[in-house]
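Enquirer: The following comprises the amino acid sequence and a computationally predicted model.
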Amino acid sequence: IHPVVGLTKPGDVDHYSRVRIYRTLVENYYDQSRTMLSLLPLAMRMAGPREALWHALIRRNFGASHFIVGRDHAGPGNDSTGKPFYGPYDAQELVAKHADEVGVTMVPFQELVYLPDSEEYVEANKVPQGARVANISGTQVRDDYLAKGRQLPEWFTRKETSEILGQMFPPRQRQGFCIWFTGLSGSGKSTTAEVLTSLLLERGRQITELDGDVVRTHLSKGLGFSRDDRNTNILRIGFVAGEVVRHNGVVICAAVSPYRDARNECRKLVGADQFIEVFMDTPIEVCEERDIKGFYGMARRGEIKGFTGVDDPYEEPVNPELTLQTVGVSPEANARAIIALLEERGFLERVG
């Protein structure tokens, strides 16, 4: 058994978890006198058929006589128009074509489904007419089983495998997430974040708060207010938020974050499924009325330069997870709207 261990595409099971599964299977189910588990340090290139052929060459150099090639082996998925880069069996065809030259016999792996009535596995294109079929997609594994803390059925995978996957992918209510407040200065980000923090603490979640002003003091001291410096400040917040979420923590970020591209980069750093952008849609006139420090007035008089909303743009989110109004709506009501969204997405269990 010669698994690749190294960098792969986002969303794949990490190689540490896969190796733990391989070791469990070797120790409990395979004939150890005839089985060797050897790891291949190699980063995936997602180059499709040519990478499959490259993998075959590498495996041949390690002494393999046969090489299993799956559906869309090392495929990068779809392009920007939704069209697959490669056909599902292009890699199998290329490896088979050069099998004699490479010296490795290609073993094609087709999609398998389970027939519960006869308790057997068959290739998807060989299912008897009228037979009951059971199958679970990768999306269903994540969303319908792991995210809900459900054990995968034994016909689908061994109990040990299911337990290891459950450890690495805890139920959604134990996963981390990031609430990213964005909006003009004075729009109500920090006030709503304070109420939200209390509500989440009541639910037993531990919170990391990354407020824009505090971050400027400790994490981004020395940065100015040019576009580059502002983006650097926001990306630092995004990096820290991503690390907190990766360890299943909850982080609340409240920063003006005026530029859309920087916020989108933070979404990538955190992970799209765990990033919840909350746009505080407060009119600038209201923000100015709330400005007890007088920053808007100084900006209007030209005493400070590059102030967001006055002489520097604020780029509103195009499709935020939540847009909140603060005129006529209390911070508690807005915080509870966020709680409702978290319940809807499974990050919090519903109460009552």
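Expert: The structure has been received and is ready for your questions. Numbering: from 1, shown residues only.

Enquirer: Tell me the helices and strands packed up against the one helix or strand residue 262 maps to.
Expert: Per DSSP states H and E, residue 262 falls inside helix 260-270. Here helix 260-270 touches strand 177-182, helix 227-246, strand 275-280, going by 3 or more C-beta pairs under 8 Å, 6 or more residues apart in numbering; DSSP states H and E. C-beta coordinates here come from the backbone N, C-alpha and C atoms, glycine included.

Enquirer: Need the CA coordinates for that helix. PDB is fine.
Expert: Included here for helix 260-270 are C-alpha records, laid out as PDB according to Å, rounded to 0.1, in the frame of the first residue of the first chain:
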ATOM      1  CA  ARG A 260     -13.700  43.700  -1.100                       C
ATOM      2  CA  ASP A 261     -10.700  41.900  -2.400                       C
ATOM      3  CA  ALA A 262      -9.100  41.800   1.100                       C
ATOM      4  CA  ARG A 263     -12.300  40.500   2.600                       C
ATOM      5  CA  ASN A 264     -12.500  37.800  -0.100                       C
ATOM      6  CA  GLU A 265      -8.900  36.700   0.700                       C
ATOM      7  CA  CYS A 266      -9.900  36.400   4.400                       C
ATOM      8  CA  ARG A 267     -12.700  34.200   3.400                       C
ATOM      9  CA  LYS A 268     -10.200  31.900   1.700                       C
ATOM     10  CA  LEU A 269      -7.900  32.000   4.700                       C
ATOM     11  CA  VAL A 270     -10.700  31.000   7.100                       C
END
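
Enquirer: Mean confidence (pLDDT) on that helix, please.
Expert: For helix 260-270, mean pLDDT rounds to 96.

Enquirer: for stretch 23-43, same thing?
Expert: Stretch 23-43 comes out at a mean pLDDT of 93.

Enquirer: Identify all contacting residues around the helix holding residue 262.
Expert: Contact with helix 260-270 is made by 178, 180, 182, 230-231, 234-235, 237-239, 241-242, 245, 253, 257, 275, 277, 315-318, as judged by C-beta atoms under 8 Å, 6 or more residues apart in numbering.

Enquirer: Tell me how far it lies from the chain's centre.
Expert: Distance of helix 260-270 from the chain centroid (C-alpha atoms, centre = their mean, to the nearest Å) equals 12 Å.

Enquirer: now the angle between strand 275-280 and that helix, please.
Expert: Interaxial angle, helix 260-270 versus strand 275-280 (axes from the mean of the first three to the mean of the last three C-alpha atoms, to 10 degrees): 150 degrees.

Enquirer: in helix 260-270, what's buried?
Expert: Neighbour-count burial for helix 260-270 flags 262-267, 269-270 (criterion: 16 or more other C-beta atoms under 10 Å).

Enquirer: hang on, the earlier thing: for the helices and strands packed on helix 260-270, which one sits closest to residue 341?
Expert: Residue 341 sits nearest to strand 275-280 of all those, at 6.9 Å, using C-beta to C-beta.

Enquirer: Just the CA trace of the closest one, in PDB.
Expert: Coordinates of each C-alpha in strand 275-280 appear next as PDB, following Å, rounded to 0.1, in the frame of the first residue of the first chain:
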ATOM      1  CA  PHE A 275     -16.800  32.400   7.100                       C
ATOM      2  CA  ILE A 276     -19.900  34.400   7.800                       C
ATOM      3  CA  GLU A 277     -19.800  38.000   6.500                       C
ATOM      4  CA  VAL A 278     -22.100  40.300   8.300                       C
ATOM      5  CA  PHE A 279     -22.600  43.700   6.600                       C
ATOM      6  CA  MET A 280     -23.700  46.500   9.000                       C
END
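
Enquirer: Show me what that strand is packed against.
Expert: strand 177-182, helix 189-202, helix 260-270, strand 322-324, helix 331-344.

Enquirer: sorry, back to before: quick check, nearest of the buried residues of helix 260-270 to residue 284?
Expert: residue 263 (19.0 Å).

Enquirer: Centroid-nearest residue for the chain?
Expert: residue 271 (3.6 Å; C-alpha atoms, centre = their mean).

Enquirer: wait, isn't it in contact with residue 245?
Expert: Yes: contact criterion C-beta atoms under 8 Å: residue 271 and residue 245 qualify, at 6.6 Å.

Enquirer: Quick one: the helices and strands packed on helix 260-270 as CSV, columns for distance to residue 344 too.
Expert: Conversion of the helices and strands packed on helix 260-270 to CSV gives the following (distance: least, C-beta to C-beta, whole Å):
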stretch, distance to residue 344
strand 177-182, 13
helix 227-246, 19
strand 275-280, 11
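
Enquirer: Of these, which is nearest residue 91?
Expert: helix 227-246 (31.6 Å).

Enquirer: what separates the closest one from the chain centre, distance-wise?
Expert: 16 Å.

Enquirer: Output the contacting helices and strands for that helix.
Expert: By 3+ C-beta pairs under 8 Å, 6+ apart, helix 227-246 packs against strand 177-182, strand 207-211, helix 212-218, strand 250-254, helix 260-270.

Enquirer: Summarise which helices and strands the one helix or strand in the chain whose mean pLDDT sits lowest is packed against.
Expert: None of the helices or strands of the chain scores lower by mean pLDDT, DSSP states H and E than helix 212-218, at a mean of 83. Applying 3+ C-beta pairs under 8 Å, 6+ apart, one finds that helix 212-218 makes contact with helix 227-246.
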